[in-house]
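Peer 1: this is the structure alone, sequence omitted:
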């Protein structure tokens, strides 16, 4: 292409296709009544803005998935994924705050045009479903929709698109694969799992001894603490057994593979090592997004409650109740959030072999100093 | 008092008692270890800030309750209550946003000092319980706490304080009383309930006729809409019957009295009338606060999940699960939120008698023009 | 129109015109390079969202202006204006927060496509100029743009549109007119201005006496306070003189008419009176919007600084400096903000005649009780 | 210390020293009037919360400064500094949002107790001055305060504390030192400055040729673009000359040393290299804080304007004007913000020698693969 062409002048208005964008608000009430309902414009623009942000979110998550699909991915470019996911978080925070704008539409004002919208409904937002599926929500994880698949509201073409995403490797699966490939779980004489288990045991038995010895607790208190310690012990043992884990996976209580869980634990415990800092940031950002999506669903459910109370939604769903239930149920990376249960204080962490320490750090520092 | 005394000079530092305020951070880890855990300061300050805001919230709600306890309350000073409740909303928004600061404390950093905190816990925040009780949460509405009363963590003196508040007339009860006293439900020949019922019936039968007649819906769709309409009809009938309402109250499905519910409905439907504008704003602000408290509990539960996963809280509660359940369960003004289900479009609203219109407006406009 | 037509089914996707909305992102870099710059999508969507919100803001302000143009406007429907302006504030808060999303685009990433945008620029946003003009910013109030009118970047048609708005009566002028029509400045024997002036004088002389008498201030402090009091006195005198006000208007130091200023003062001082509550809320909301627009310009300037440093903007402006200067300069309702300087404590306020009190309250309360 | 002692039970109330914290609100109006002004509590709590957050900010910045003072600082622990500075940013965002709560105190309500506060003033907040000084604001950078040093309002002890901080090496100076020590500016045959200069020259002359050749621009436009290009060229030349830089330092136009500026430029341009990612994040966070402090000052000035208009502040300052001027003037890391002006597109960046690439990456990747 002729490089000089890039110097054709461009105007803000045409660059942003403002004729299209600002010409796309057509109130339904205006078709049937002399004066369109004043607030329908807000209702339309509000949702158009959501859809624009959803497009941007898809753009970012898709690019991150592509990076993790690429075999040439290495520690050196994961930071780019972190930055793009951080952008998704910022957008989600904004989108949640936008509910305050929505709430300036009062229930009574909504009634001025609500009857024209049937059966349109936010359940028909293809892009929001795409986001959830790309993140890793599977059809079987979803709350059924009046006993039907959530796909029932979509066209054949849209259904296919969703199915393709569901089968194509979600961010959940890509991250799981990547975690399983993380080195360092075994390194020469160092076996992370064994060291960690010993540390846990030592920590718990030290604590037990100290509690038994203390004179600063009433017998009742002492007992309570010792019982709590016992159950913590059981918990650790169960979680760290590969068989127990397989059992829990079968029952649907955990989803992330055993190996990936261990890798995530390693990253959390040794996140200060230079080579693990960015991977740690990555896991944090994914959890952030998961939590923000949950908050979004929750706030959205609250807003619907306020708008239509117990009524059935325009789309025929049970409205608020349905939405409120999806908030927690559609959370995707619960297993990452649960890693917190497995952490032990830094002071109890096993020291790493010097050679491993070196592997986890920068080239420069070990050669030039 | 000698009026000239008010001109004693005062300094920012002493006015704000900064010696006390800034001298009240004593990390527990500093007592047992050479170097206190860096992040414990954040943990302390974070909670102290919460408690300061809680004090302010109590100050505002208490003053509003006092206003509603006063027999001389009239339409002319309810606006002051609205402004104070709005302030509470602003504070709650801030307090919810503060969770983002809390989340900069990572689970691993928390472990550096968590073991020193036993059995201190947010469940021991007296002020938060006071806020909930003042708003109208009763002991029987609360989730039990390991099968005990939530009061178990408090001292005798604190328990008494809570009981006194629970028995002293909460905002819920004061608002209920005030709603019951609202005039205009019956005015000479005008009976609000009858007019409203007729309007609902007319609206539903018009809609039924239109749906039956339309050629723009498939038979399946037509059927679906008619069924929805039918259930709406049943809903209205049930809700507006005094007997059905009494039945629901007995079962604990509604709490607000029948008469207060009708008054709240009237205010919502005719909120444009000058004399009802401020009362409407009042109901809105109360719902706002109720919703923000719910969001706060929900976000707090999410944060705890992130911090300790499935572990038992320092206070011995089941942590995240307990908190998550309270979010919706401790919502207080559900009945006000449900008013939305009863609204009908303005175009269907019965006209008010001219004399009543006059009563609802300003003195000036009807005399001087 | 056939009423049954409103029951044609409508789908979310077509209702929101999502084909148009989501098909309007055409990265310039994609035309000239094999792979479009990843971040250009964000840049486009970000601005499209801004323009959608601007459209909504215009929709609201326009409707408020129409209300104030209508001769039938009365106290009874000003509350609707308040609610719509409140919505504008909520949108502006959101739009300001959106800058955090923009800041995830780093300067280096921006350079990947910045050279394709010439000479497009945010200065070409017609809608933002329309908002400012509708609010009341006049051509002569604006910072010149490289010594040209700000209109230089617009087409003839757009220029005409702006000129028409500038000549058509802005919100500033409509509010000024409405303030001038506010009754109660004189009421039978009550002359607001005279009562207020006496109250100011009494307040200042009481304070002077008390300061002189106090033994709790050092002579230096006493002197300082007395000097401050003196200048406050001068200030009040000057501001409340019609001639001084006319003088200041001529010099461009104030814009709001003398009579409107007094009415705004009255509303501020007696805002608790039922009939003045809503007018007070109206003035508050207008100041809110003015302040939020100022914050928006300021944050926008900061963001540009961060993005391109000292460089010239794509539109050829001096970038950050230009924008930073407009922040304060384009503030429109400075005179309303200045009312704060004229307030006196409630305890010093002159009592109103009983008959006037009655005029300021609701009809119902004085007849039925 | 006896380890079992850590098992003494602790209660939420005593841990947080709530007797002190919640007992420190003593309204001045309550001393002189029968009923204290209702809103003074808000005023007090608001400022106490600010001071608590300021203490936390100081705690974080101090710890970061200590890290940079430590000779053993290396790339491996800078990430901890980044995390702590990020926390400061979160706190500042909160503190800015808190102004919305402050704004629920209306000017008229403030007058109910304002006269009791003389001469207390936010200018007497020692901690805020400490934050500014620790960040790097020098006495000579500050706006004078009625022609006096800003220290005039402090006690001798407080003055000394400030002076000590000013002389003790601020974050600005520590970061400058650290930047100067960054390796890689020269590496064997690679000279960063020379490579960069050539890249700039090539970029500009390519662009000039393309503009001259294009047929898509009008002559006027072409001319405008070429002129802009010329001035960009001059700008680069001037900035990158060590002599010109020294000249600008002398005039006070820049503060950061020449070498540190180059290092910051290198970090910005090659931030994707693993060893530079964290340093880049560090610079970003510092700029964030600087920008948020600026926003805080600006919003604070706006709020004061709203509260007291043109009046003199309780502390005797010129109120709004003084504060508004400090917003930009007290910005500290302007030179880092200006780095944006020096960036060139990634596509124009000189390739690094392979050996240098290796030095910038992780040890593991170059040994194990």
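Peer 2: Cool, the structure landed. Not measured: the values here are computed from a predicted model. Numbering: from 1, shown residues only, chains lettered A, B, ... in the order given.
Peer 1: quick one, helices of the stretch 251-369 of chain A?
Peer 2: Counting by DSSP state H, counting those that start in this stretch, the stretch 251-369 of chain A has helices at residues A:258-269, A:274-308, A:320-329, A:334-338, A:354-359, A:363-367.
Peer 1: show the average pLDDT along the longest one.
Peer 2: Helix A:274-308 comes out with an average pLDDT of 92.
Peer 1: repeat that for the fifth one.
Peer 2: Rounded to a whole number, the mean pLDDT of helix A:354-359 is 86.
Peer 1: run through the neighbouring helices and strands of that helix.
Peer 2: With contacts taken as 3 or more C-beta pairs under 8 Å, 6 or more residues apart in numbering or on different chains; DSSP states H and E, helix A:354-359 sits against strand A:186-187, helix D:363-367. C-beta here means a position set from N, CA and C on the backbone, and glycine is covered the same way.
Peer 1: can I get these in JSON lines with mean pLDDT and distance to chain C?
Peer 2: Output for the helices and strands packed on helix A:354-359, formatted as JSON lines (pLDDT from 0 to 100; distance: least, C-beta to the nearest C-beta, whole Å):
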{"stretch": "strand A:186-187", "mean pLDDT": "78", "distance to chain C": "36"}
{"stretch": "helix D:363-367", "mean pLDDT": "70", "distance to chain C": "24"}
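Peer 1: and the stretch 101-250 of chain A, which residues reach chain C?
Peer 2: Proximity of the stretch 101-250 of chain A to chain C, by C-beta under 8 Å from any C-beta of the partner chain, involves residues A:101, A:104, A:115-127.
Peer 1: buried ones among the residues you listed?
Peer 2: By neighbour count, with 16 or more other C-beta atoms under 10 Å in any protein chain shown, these hold A:101, A:104, A:115-127 as buried.
Peer 1: among these, which lie within helices?
Peer 2: Among these, the ones falling in helices (DSSP state H) are A:101, A:126-127.
Peer 1: could you dump those to TSV with distance to chain D and pLDDT?
Peer 2: Converted to TSV, those look like this (distance: C-beta to the nearest C-beta, whole Å; pLDDT from 0 to 100):
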residue	distance to chain D	pLDDT
A:101	16	96
A:126	34	96
A:127	29	97
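Peer 1: what would those residues look like in a markdown table with distance to residue B:132?
Peer 2: Shown next, in a markdown table, are these (distance: C-beta to C-beta, whole Å):
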| residue | distance to residue B:132 |
| --- | --- |
| A:101 | 29 |
| A:126 | 41 |
| A:127 | 39 |
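Peer 1: low-confidence ranges, the stretch 1-150 of chain A, go.
Peer 2: A:1-6, A:75-76, A:145-146 (pLDDT under 70).
Peer 1: now the two most distant members of the buried ones among the residues of the stretch 101-250 of chain A next to chain C.
Peer 2: Using C-beta to C-beta, the pair of those lying farthest apart is A:104 and A:126, separated by 27.0 Å.
Peer 1: about what we covered before: quick check: which of the helices and strands packed on helix A:354-359 is buried the most?
Peer 2: The highest mean neighbour count among the helices and strands packed on helix A:354-359, using mean count of other C-beta atoms under 10 Å in any protein chain shown, belongs to helix D:363-367: a mean of 16.
Peer 1: and the residue most central in space within chain A, what does it touch?
Peer 2: Centrality entry for chain A: nearest residue to the mean C-alpha point is residue A:290, 2.1 Å, by C-alpha atoms, centre = their mean. Listed by C-beta atoms under 8 Å, 6 or more residues apart in numbering or on different chains, the contact partners of residue A:290 are A:135, A:331-333, A:336-337.
Peer 1: repeat the analysis, applying 7 Å as the threshold.
Peer 2: Residues near residue A:290 by C-beta atoms under 7 Å, 6 or more residues apart in numbering or on different chains: A:331-333.
Peer 1: just the closest of those to chain D, please.
Peer 2: residue A:333 (21.2 Å; C-beta to the nearest C-beta).
Peer 1: show me where the stretch 51-200 of chain A has strands.
Peer 2: Listed in chain order, the strands of the stretch 51-200 of chain A (DSSP state E, counting those that start in this stretch) span residues A:186-187, A:190-191.
Peer 1: which parts of the stretch 101-250 of chain A sit against chain B?
Peer 2: When proximity is defined by C-beta under 7 Å from any C-beta of the partner chain, the stretch 101-250 of chain A lies next to chain B at A:107-108, A:111-112, A:224, A:228.
Peer 1: biggest separation within these, which pair?
Peer 2: A:112 and A:224 (58.6 Å).
Peer 1: now, which of the residues of the stretch 101-250 of chain A next to chain B lie within helices?
Peer 2: Checking these against DSSP H, those in helices are A:107-108, A:111, A:224, A:228.
Peer 1: now render these as CSV, adding distance to residue C:165 and neighbour count.
Peer 2: What follows is those, written out as CSV (distance: C-beta to C-beta, whole Å; neighbours: other C-beta atoms under 10 Å in any protein chain shown):
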residue, distance to residue C:165, neighbour count
A:107, 34, 19
A:108, 32, 20
A:111, 33, 19
A:224, 72, 16
A:228, 69, 17
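Peer 1: just give me the closest of these to chain C.
Peer 2: Using C-beta to the nearest C-beta, those come closest to chain C at residue A:108, 11.4 Å.
Peer 1: spatially, what comes nearest to residue A:54 if we skip its sequence neighbours?
Peer 2: Spatially, and ignoring its direct neighbours in sequence, residue A:54 is nearest to residue A:127 (3.9 Å; C-beta to C-beta, 6 or more residues apart in numbering or on different chains).
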